[in-house]
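Undergrad: okay, predicted coordinates and the sequence, questions at the end:
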Protein chains: 2
Amino acid sequence: MGDTPGLDEPTLEEQIAAYQREFQDLDPQVEKIVNALSRLNRRMNVAYGRQTAELGITNADWEVLKALVLSGAPYRMGPSDLAKRLGLTPAAMTHRIDRMVTEGLVTRERDENNRVRVIVELTPAGREKWQEAMRMATVFETDLLQDLSPEERTALGEVLTRLLRRVEDAQPDAGGRLTDLD
Amino acid sequence: MGDTPGLDEPTLEEQIAAYQREFQDLDPQVEKIVNALSRLNRRMNVAYGRQTAELGITNADWEVLKALVLSGAPYRMGPSDLAKRLGLTPAAMTHRIDRMVTEGLVTRERDENNRVRVIVELTPAGREKWQEAMRMATVFETDLLQDLSPEERTALGEVLTRLLRRVEDAQPDAGGRLTDLD
DNA sequence: TGTGTACTCTTTAGCATCGAACTTTAGGTT
DNA sequence: AACCTAAAGTTCGATGCTAAAGAGTACACA
C-alpha cells in the first residue's frame, strides 16, 4: 500500500512556543504572521489541488491554462513566454505542453511567420476546464474569507499589497518557481 | 547556457483586471487578497532559498533541521515521523536523510530497543546551520514587516490565524507537501 | 551573398519525488 | 510455541523538474 503523506504538525501556537524555547531574540508576533502566511498558503494549494484533480487535470495544467486565458484572446503564447510566466525552464514547458496536447487542453503549431517559434493555443475544451476550475476556486475563496467583515477585507488587502510591494522591490527579479497559484 | 527562470508576471492590479475581463461573477477584493497571499508566499520562499543556499544547504535540508530542532532536545526523530511532519513519503525521507548524513547535518542509527526503527539525530553542525539560517530568516522577516505599525501587526496576525483556523477545520487532514516554510 | 550571432525550442543526463512492492521486526492470538 | 497482522524503513520504477548541450531559424552586417 502506498503512503499518502498526511501532514502532522503542531498548532501554530505550539510551534511558536517551541521556536522561542530554541532561539533567543525572536519576535513572536512577527513569527506568528510569517508562519500563518506559510500555512495558509499550503492549505490553499491543497484545496486547489483537490479541485483540479476533481476536474481531471493537475495544478500544473491549471497554471498553464490560467496564463493563456489571462493573456487574452486569441489565447496564444509561445513556450518560452509561458515558461517565463510560470517560472520554470523551457525544457519543462516542452514536456508539459506535450502532455496537455494529448489531453486536448491546448494545441501546438509552428509559427509560419517565424518558423523557429511555436504557438501554444488554448482549445475550447481547455477554456472550459479553466472556467470550471475558476468556479470551484471562487467558491472556496469566498468561503475562506466568509468571516471577514468588509472593513477587514479592505484592510487585509491593503496590508498584503503593501508587504508585496516591499518584497518585490527588494527582489525585482523573482526567479522563483510558481508553485503557488495566482 | 542554462536558463535561469526569471518569472515575468503582470502586476497584481493588471492581473485582477484580466481576471475580471475573462470571468464574470468575480469579487475583485477577494481575488486581490488571495493572489497577494500567493505572491507573497512565493517571494518569501525565494528569499529563504537564497539564504539557505548562502549557507551551503538546501531548503529541503532546512525543513528537516527545523523539524528536529522543534522536536526539542535531544533532537531525535524517526524517518517516518519526519516524513509525516514534512508531508512527504518515507521513500523521499530515506534519500533526503542519506544526503544529509553525508553532509554531516544529521546521524542515522538503529534503535536498539526496537530494531525496526531508525533514529535520526541532529549533529552539532546541523544545529549550528539551523541557527545561522534562523538568524538570516528573522532579519528578512523583520525587514518585510518593517512598515507595519504595532496595531497593524496585531490585526494582521489575528486575521490570518482566523483564516487559518477556518481552512484547517475544513481540511483536518492536510495531506499537502510542505513546500512552504514554517 | 556569406557569415556570425542571437534566439527558440528540443534533447539529454542527473536528481528528487511519489506510489507500490518488499524486508525485517514487534506484538498479539490461539 | 506458531502464526498472523501491523508497522518501519528501504528499494524499485515512473514522472517531472533543472542545467546544459544541441539543432534549426532569423537577422544584421560585411
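TA: Thanks, I have the structure now.
Undergrad: tell me the domain ranges of chain A?
TA: Partitioning chain A according to automatic domain parsing yields domains covering residues A:11-54, A:57-146.
Undergrad: end to end, how far does the longest one reach?
TA: Spelled out, it's domain A:57-146. According to CA to CA, to the nearest Å, domain A:57-146 extends 27 Å from its N-terminal end residue to its C-terminal end residue.
Undergrad: what helix or strand is the closest residue in space to A:Lys66 that isn't next to it in sequence on?
TA: If you skip the residues right next to it in sequence, A:Lys66 has A:Trp130 as its closest partner in space, 6.7 Å away by CB to CB, 6 or more residues apart in numbering or on different chains. In this view, the C-beta of every residue, glycine as well, is placed from N, C-alpha and C. When elements are defined using DSSP states H and E, A:Trp130 is found to belong to helix A:124-144.
Undergrad: packing partners for that helix?
TA: Under the contact criterion of 3 or more CB pairs under 8 Å, 6 or more residues apart in numbering or on different chains; DSSP states H and E, the helices and strands touching helix A:124-144 comprise helix A:28-54, helix A:59-70, helix B:28-54, helix B:150-170.
Undergrad: just so I know, which of those helices lies nearest DNA strand C?
TA: Shortest separation from DNA strand C across those is recorded for helix A:28-54, at 10.5 Å, computed as CB to the nearest atom of the strand.
Undergrad: so how far is the helix holding A:Trp130 from its chain's centroid?
TA: The gap between where helix A:124-144 is centred and where its chain is centred comes out at 13 Å by CA atoms, centre = their mean, to the nearest Å.
Undergrad: and what of stretch A:48-64?
TA: Chain-centre distance of stretch A:48-64: 11 Å, with CA atoms, centre = their mean.
Undergrad: quick revisit: B:Thr52: which of the domains of chain A is closest?
TA: Distances from B:Thr52 to each of the domains of chain A were compared using CB to CB; the shortest belongs to domain A:11-54, at 14.9 Å.
Undergrad: quick check, that closest one touching DNA strand C?
TA: No. Domain A:11-54 stays clear of DNA strand C (CB under 7 Å from any atom of the strand), getting no nearer than 10.5 Å.
Undergrad: from DNA strand D, how far out is A:Leu86?
TA: Using CB to the nearest atom of the strand, to the nearest Å, one obtains 8 Å as the distance from A:Leu86 to DNA strand D.
Undergrad: got any ranges where chain A has weak pLDDT?
TA: Counting by pLDDT under 70, chain A contains low-confidence ranges at A:1-7, A:172-182.
Undergrad: residues from it in reach of DNA strand D?
TA: A:60, A:87-92, A:95-96, A:99, A:114-116, A:177.
Undergrad: mind doing that once more with 6 Å?
TA: A:Ala60, A:Leu88, A:Thr89, A:Ala91, A:Ala92, A:His95, A:Arg96, A:Arg99, A:Asn114, A:Arg115, A:Val116, A:Arg177 (CB under 6 Å from any atom of the strand).
Undergrad: closest one of those to A:Gln29?
TA: Nearest to A:Gln29 out of the residues of chain A next to DNA strand D is A:Arg177 (CB to CB; 29.2 Å).
Undergrad: that older thread, with distance to B:Asp81 added, can I get the domains of chain A in TSV?
TA: Written out in TSV, the entries for those read as follows (distance: least, CB to CB, whole Å):
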stretch	distance to B:Asp81
domain A:11-54	15
domain A:57-146	27
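Undergrad: can I get the ones you listed in CSV including mean neighbour count and distance to B:Ala47?
TA: Formatted as CSV, the domains of chain A follow (neighbours: other CB atoms under 10 Å in any protein chain shown; distance: least, CB to CB, whole Å):
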stretch, mean neighbour count, distance to B:Ala47
domain A:11-54, 18, 11
domain A:57-146, 17, 15
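Undergrad: could you measure from the residue lying closest to A:Gly126 once chain neighbours are set aside over to chain B?
TA: Nearest residue to A:Gly126 in three dimensions, chain neighbours excluded: A:Leu105, at 3.8 Å (CB to CB, 6+ apart). Distance, A:Leu105 to chain B, using CB to the nearest CB, to the nearest Å: 16 Å.
Undergrad: do I have it right that A:Leu105 meets A:Ala125?
TA: Yes. With contact taken as CB atoms under 8 Å, A:Leu105 and A:Ala125 are classed as touching, separated by 6.4 Å.
Undergrad: report the two of the residues of chain A next to DNA strand D separated the most.
TA: Across the residues of chain A next to DNA strand D, no pair lies farther apart than A:Arg115 and A:Arg177, at 30.7 Å, counting by CB to CB.
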